[in-house]
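Asker: Got a predicted structure here, sequence first:
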Amino acid sequence: MNRINLKMISYLVFILIFGFLGTRYATPAPKEKGKTYPKDYVHPLKEINLEKVFSENRGLKVLEENATTAYDYYRGGVQEKEEGEKLIKESRWEEARRSLEKSNRFLRVVLKYLPEDEAYREVYEGQTVIFLPNLLIADNNLKLITVYKNMKNENKAADLKDEGLYYLTESLKSVKTEWANQIRKGFDVELPKK
């Protein structure tokens with residue numbers, strides 16, 4: 001009887017030791033926080049630009065009916081924006097308008113849940129993207145002004161300027177970029193200093 005108890009106790013100790021060691025090595029090490037920037041840091045164009053945003057979000061096309069997460073909607077918005085930009089270069093104004101407006105619809109869904117722009121946002125474990133939904137809507141509106149002017153709809157173009165400036169201001173509250181400064185110049189206004 002003693003031998004059986006001794007064997008069982010040794011097995012239990014053996015299992016407990018390896019169990020504790022296993023959990024110790026299976027527990028991931030704490031992650032380093034992303035790089036922090038001074039409050040007034042302006043991200044240069046070489047660091048944050050439209051082409052980088054496009055390249056980070058290429059891949060399987062996101063359809064509205066298949067989007068389930070805020071990041072799906074963000075990717076869909078970026079993909080529609082890229083399509084709209086191509087159509088503008090081809091002077092296909094009506095199709096460009098539809099793509100850019102669809103991009104804005106996607107991005108507005110994102111803003112319901114994640115209202116602040118971030119220079120870099122971790123979307124999946126270890127995957128970080130440039131996350132600027134407010135700035136993308138402002139840029140879309142700037143492009144839509146051009147589209148509407150080419151479609152001879154000056155009233156709609158004027159309405160988009162105020163909306164674009166609103167989203168540009170929202171973006172600049174959380175992230176400052178040279179790209180935002182270019183968009184501001186495109187709107188041809190000076191934003192109030194805060």
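Answerer: Arrived safely, thanks for sending.

Asker: tell me the domain boundaries of the chain?
Answerer: 1-30, 42-187 (automatic domain parsing).

Asker: In terms of mean pLDDT, which of these ranks lowest?
Answerer: When these are ranked by mean pLDDT, domain 1-30 comes last with a mean of 59.

Asker: Show me what the residue nearest to the spatial centre of the chain is bridged to.
Answerer: With distances taken as Cα atoms, centre = their mean, the residue of the chain nearest its centroid is F131 (2.7 Å). F131 has these beta-bridge partners by DSSP bridges: E118.

Asker: Wait, it touches E122, no?
Answerer: No. Applying Cβ atoms under 8 Å as the test, F131 and E122 come out as separate, 9.3 Å apart. No exception for glycine: its C-beta is placed from N, CA and C like everyone else's.

Asker: Just say which of the domains of the chain is most tucked in.
Answerer: Highest mean neighbour count among those (mean count of other Cβ atoms under 10 Å): domain 42-187, with a mean of 18.

Asker: How far away from the center of its chain is it?
Answerer: 9 Å (Cα atoms, centre = their mean, to the nearest Å).

Asker: Got the phi and psi for Y41?
Answerer: With angles defined as degrees, to the nearest 10, Y41 sits at phi -70, psi 130.

Asker: measure the closest residue to it other than its chain neighbours to R108 for me?
Answerer: The shortest distance from Y41 to any non-neighbouring residue, by Cβ to Cβ, 6 or more residues apart in numbering, is to K176 (6.6 Å). Using Cβ to Cβ, to the nearest Å, K176 is found at 23 Å from R108.

Asker: Assign D40 to helix, strand or coil.
Answerer: coil (DSSP: H, G, I helix; E, B strand; the rest coil).

Asker: Give the bridge partners for the closest residue to it other than its chain neighbours, please.
Answerer: Of all residues not flanking D40 in the chain, K176 sits nearest, at 6.8 Å (Cβ to Cβ, 6+ apart). Counting by DSSP bridges, K176 forms beta bridges with V42.

Asker: Wait, K176 touches H43, no?
Answerer: Yes. If you go by Cβ under 8 Å, K176 and H43 touch, sitting 6.9 Å apart.

Asker: May I ask you to confirm that N181 belongs to a helix?
Answerer: Yes. Per three-state DSSP, N181 lies within a helix segment.

Asker: now it: how far from Y41?
Answerer: From N181 to Y41 the distance is 13 Å (Cβ to Cβ).

Asker: Identify the residues contacting the residue lying closest to N57 once chain neighbours are set aside.
Answerer: Using Cβ to Cβ, 6+ apart and skipping the chain neighbours, the partner closest in space to N57 is V78 (3.9 Å). Going by Cβ atoms under 8 Å, 6 or more residues apart in numbering, V78 touches 53-54, 56-57, 103, 136.

Asker: what helix or strand is V78 on?
Answerer: Using DSSP states H and E, V78 sits in helix 70-89.

Asker: out of the contacts of V78, what pair is the most spread apart?
Answerer: With Cβ to Cβ as the measure, no two of these lie farther apart than E56 and S103, at 15.2 Å.
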